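S.K.: This is a predicted model, with the sequence first.
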Amino acid sequence: MTRTALITGAAGGIGRAVATRFAADGYHVVGVDLADPDLPGVTGHRADVTDGAQVEAAVQATVDRFGRLDALVTCAGVTEGRPLDETTDEQWHDVLTANLTSVFLCVRAALPALMAGGGAVVTLGSVLHRTAAPGLPAYAAAKGAIAALTRQLAVDYGRHGITFVTVSPGWIRTPATESRLSGDTDLERLRESNPLRTLGTPEEVAAAVAYAASPEAALLTGTELVLDGGASVTSPASLLRDGHRERLGLPPR
């Protein structure tokens, strides 16, 4: 029987690549976003994932149309922020609601369908809850909480045959990332920051998500897959000293 997946944030960036990958893998795919994903093989469903009633309606529409739900992938979110002393109450809550509360609402709505036959939940985290970047306290807090929530859910619902995994990308070449780069110099610095000398693509993240949600990953649960080319395990000092840079295969400064 054909498996069914519901993907949030499917209209752009990583979510779009995930929806495309799942459709290519033969799933019935429902792409949930504020805008129609307009992708081949993907059924678009417009909804605000911060609204519980709309989320429940999206899950129900998926089950009504395809008769089952096998995978939920929560890609929707925003990358916004400012230093804590400049963050208003409203800004703090907006970022946590978009990134964290949306995951809570989606998983809660999907659980009855997933418990009926087992399945997988893949949440999108970020390495920025492991290695901080300036000016993103609410975003980092939300992504750290997503990883913690995912581990907790693995414990609570594993007996129903549901796996829970967080996929945490580093710098990925999405339009949002490109808009933050100041030309080739920034791009080269980011490449130097990880041992593989590359930035990931949305398609590479989608491949990891597809594996985490697949029957082949039946024992993968309560854990986090970090996709950052090794940046989070690289000492910044190694990028500063010429002796270290030579060992890493980098040109001297």
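M.R.: Happy to help now that I have it.

S.K.: Going along the chain, name the strands of this structure.
M.R.: Assigned strands in the chain, in chain order: 4-8, 28-33, 42-46, 71-74, 119-124, 162-169, 223-227 (criterion: DSSP state E).

S.K.: Parallel or antiparallel, which strands does the third one pair with?
M.R.: Partners of strand 42-46 in the sheet, by DSSP bridges, are strand 28-33 (parallel).

S.K.: pretty sure Ala147 contacts Ser126?
M.R.: No. Using C-beta atoms under 8 Å as the test, Ala147 is too far from Ser126 to be in contact (9.0 Å). The C-beta positions use only the backbone N, C-alpha and C, and glycine is treated the same way.

S.K.: which residues do those two both contact?
M.R.: Ser168 (C-beta atoms under 8 Å, 6 or more residues apart in numbering).

S.K.: Who has more neighbours out of these two?
M.R.: Neighbours around Ala147 and Ser126, counted as other C-beta atoms under 10 Å, are more numerous at Ser126. The numbers are 27 against 19.

S.K.: Quick check, the more buried one in contact with Pro169.
M.R.: Yes. Counting by C-beta under 8 Å, Pro169 is a contact partner of Ser126 at 6.6 Å.

S.K.: Now for Ala120: which residues touch it?
M.R.: Counting by C-beta under 8 Å, 6+ apart, Ala120 makes contact with Asp70, Ala71, Leu72, Ile162, Thr163, Phe164, Val165, Ala212, Ala213, Ser214, Ala217.

S.K.: How about the contacts made by the first one?
M.R.: Just to be clear, that refers to Asp70. Arg3, Thr4, Ala5, Tyr27, Leu114, Gly117, Gly118, Gly119, Ala120, Ala213.

S.K.: count of neighbours near the closest residue to the fourth one other than its chain neighbours?
M.R.: Closest residue to Tyr27 apart from its sequence neighbours, by C-beta to C-beta, 6 or more residues apart in numbering: Ala5 at 4.6 Å. Using other C-beta under 10 Å, Ala5 is surrounded by 29 other residues.

S.K.: Now for the nearest residue to Val167 once chain neighbours are set aside: which residues touch it?
M.R.: Leaving aside its chain neighbours, Val167 sits nearest to Leu225 (4.9 Å; criterion: C-beta to C-beta, 6+ apart). Leu225 sits next to Val165, Thr166, Val167, Ser168, Ala208, Ala212 when contact means C-beta under 8 Å, 6+ apart.

S.K.: now the last one: how far from Val226?
M.R.: What that stands for is Ala212. Distance, Ala212 to Val226, by C-beta to C-beta, to the nearest Å: 12 Å.

S.K.: Mind checking which of the two has more residues around it?
M.R.: A count of neighbours by other C-beta under 10 Å puts Ala212 above the other of Ala212 and Val226, at 24 against 19.

S.K.: pretty sure the more buried one is touching Leu220, no?
M.R.: Yes. The pair Ala212 / Leu220 is scored as a contact, 6.0 Å apart, by C-beta under 8 Å.

S.K.: okay, and the common contacts of those two?
M.R.: Listed as contacting both Ala212 and Leu220 by C-beta under 8 Å, 6+ apart are Thr163, Val165.

S.K.: Show the pLDDT at Thr185.
M.R.: On the pLDDT scale, Thr185 is placed at 62.

S.K.: remind me which residues of this protein are low pLDDT?
M.R.: Across the chain, the ranges flagged by pLDDT under 70 are 175-188, 190-193, 235-253.

S.K.: quick one, what contacts Ser168?
M.R.: Contact analysis of Ser168 by C-beta under 8 Å, 6+ apart lists 124-127, 129-130, 143, 147, 224-228.

S.K.: list the contacts for the residue nearest the centre of the chain?
M.R.: With distances taken as C-alpha atoms, centre = their mean, the residue of the chain nearest its centroid is Leu124 (2.0 Å). With contacts defined as C-beta under 8 Å, 6+ apart, the neighbours of Leu124 are Gly9, Ile14, Val73, Thr74, Cys75, Gly77, Ile146, Thr166, Val167, Ser168, Pro169, Val209.
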